[in-house]
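Asker: everything below, folded, please.
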Amino acid sequence: AAGKVRLGRMLLEGSGVAKNERAAFAWFWSAAEQDDVDAWNMVGRCFENGWGVVRDYSHAAHWFSRAAEAGDVWAQYNLGHLYLNGLGVPRDASVAVNWYRAASDQGHHRAMNLLGRCHEQGWGVDEDGEIAARWYERSAKGGYFRGQFNHATVLHEKGAREEAVHWLEQAAASAPSTSRAPIAAKAVEWAVALGN
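Answerer: Okay, here's the model as predicted:
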C-alpha cells in the first residue's frame with residue numbers, strides 16, 4: 001500500500017513519470033482499499049481538488065474524516081478547512097478549530113497558523129490576540145511562511161520592528177515564488193522605515 005501511495009504521488013506530480021491524475025487516483029484508491037491511512041487522505045485530496053476524479057467535497061470529507069480519526073495529521077488539517085469553509089460538510093468553525101488543534105498538537109505548522117487565525121478572528125473560539133500570537137510564533141518557528149508573515153505582523157504592531165523585519169525576511173525566503181515578491185517588498189518597506 002505504501003508503494004501504491006508513493007507511485008500515486010509521483011503520477012500526481014509528474015515526478016519521474018508522466019503526470020497522470022487519473023492513474024494517481026486509481027493507485028490511491030487501491031491503497032485505500034488496503035486500509036492505508038495516508039491513502040485515505042490522498043483519496044480525499046483527489047476528491048477535494050478534482051484530481052483524476054470529479055470534484056466532490058462530501059466524498060473528500062468522508063475520506064478526510066476516516067484518516068483524521070485515525071490520527072493522520074494532514075487529514076486533520078484538510079478536514080479543518082472543509083469545516084471552516086462549509087465544503088461537503090456544514091460550516092462549523094468550532095469543529096474546524098478542533099481539527100486544527102489536533103493537527104497542531106502533532107506539530108503541523110500550517111495548522112498552527114490557521115489556529116492562530118481562528119483565535120485572531122474569533123472563528124469557532126473566543127477572539128484572543130495573545131493566543132493567536134503564540135500560535136503564529138510556533139508556526140513561524142516551524143518554518144511556515146504564512147506563520148512567519150503573521151508573526152512578523154504581530155511583532156510590528158507591538159513595536160518590535162527589527163524582529164518583525166527579520167521574520168518578514170524569513171517569510172519571503174521560504175514563500176513559494178507566487179507569494180515571495182509582495183512579502184519581500186513589505187520587508188524592504190519596513191527595513192527602510194527603520195533606517196536600515
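Asker: against which helices or strands is the longest helix along the chain packed?
Answerer: What stands out as the longest helix in the chain, according to DSSP state H, is helix 177-194. When contacts are defined as 3 or more C-beta pairs under 8 Å, 6 or more residues apart in numbering; DSSP states H and E, helix 177-194 packs onto helix 145-157, helix 161-174. C-beta: built from backbone N, CA, C; applies to glycine.
Asker: hmm, try it at 6 Å
Answerer: Here helix 177-194 touches helix 161-174, going by 3 or more C-beta pairs under 6 Å, 6 or more residues apart in numbering; DSSP states H and E.
Asker: mind listing residues that contact stretch 31-42?
Answerer: Stretch 31-42 has contacts (C-beta atoms under 6 Å, 6 or more residues apart in numbering) with 1, 4-5, 28, 43, 63, 66-67, 70, 72, 74-75.
Asker: can I get that stretch as CSV, trimmed to CA atoms?
Answerer: Output of stretch 31-42 as CSV, limited to C-alpha atoms (Å, rounded to 0.1, in the frame of the first residue of the first chain):
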residue,chain,number,x,y,z
ALA,A,31,-4.1,1.6,-1.4
ALA,A,32,-7.2,3.0,0.4
GLU,A,33,-8.9,-0.4,-0.1
GLN,A,34,-6.0,-1.9,1.9
ASP,A,35,-6.8,0.4,4.8
ASP,A,36,-3.8,2.7,4.3
VAL,A,37,-4.5,5.8,6.2
ASP,A,38,-2.2,8.0,4.1
ALA,A,39,-4.1,6.7,1.0
TRP,A,40,-7.4,7.7,2.7
ASN,A,41,-6.1,11.3,2.9
MET,A,42,-4.9,11.3,-0.7
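Asker: any idea how far the residue nearest to the spatial centre of the chain is from W74?
Answerer: In the chain, the residue lying closest to the centroid (C-alpha atoms, centre = their mean) is R110, at 4.2 Å. Distance of R110 to W74, given as C-beta to C-beta, to the nearest Å: 9 Å.
Asker: what separates the helix or strand of the chain with the lowest mean pLDDT from the chain centre, distance-wise?
Answerer: Within the chain, no helix or strand scores below helix 177-194, which has a mean of 88 by mean pLDDT, DSSP states H and E. Centroid separation for helix 177-194 versus its chain: 23 Å, with C-alpha atoms, centre = their mean, to the nearest Å.
Asker: now stretch 11-27
Answerer: The answer for stretch 11-27 is 22 Å, by C-alpha atoms, centre = their mean.
Asker: same question, stretch 120-131
Answerer: Using C-alpha atoms, centre = their mean, the offset of stretch 120-131 from its chain centre is 18 Å.
Asker: got the contact list for that stretch?
Answerer: Stretch 120-131 is contacted by residues 93-94, 96-97, 118-119, 132 when judged by C-beta under 6 Å, 6+ apart.
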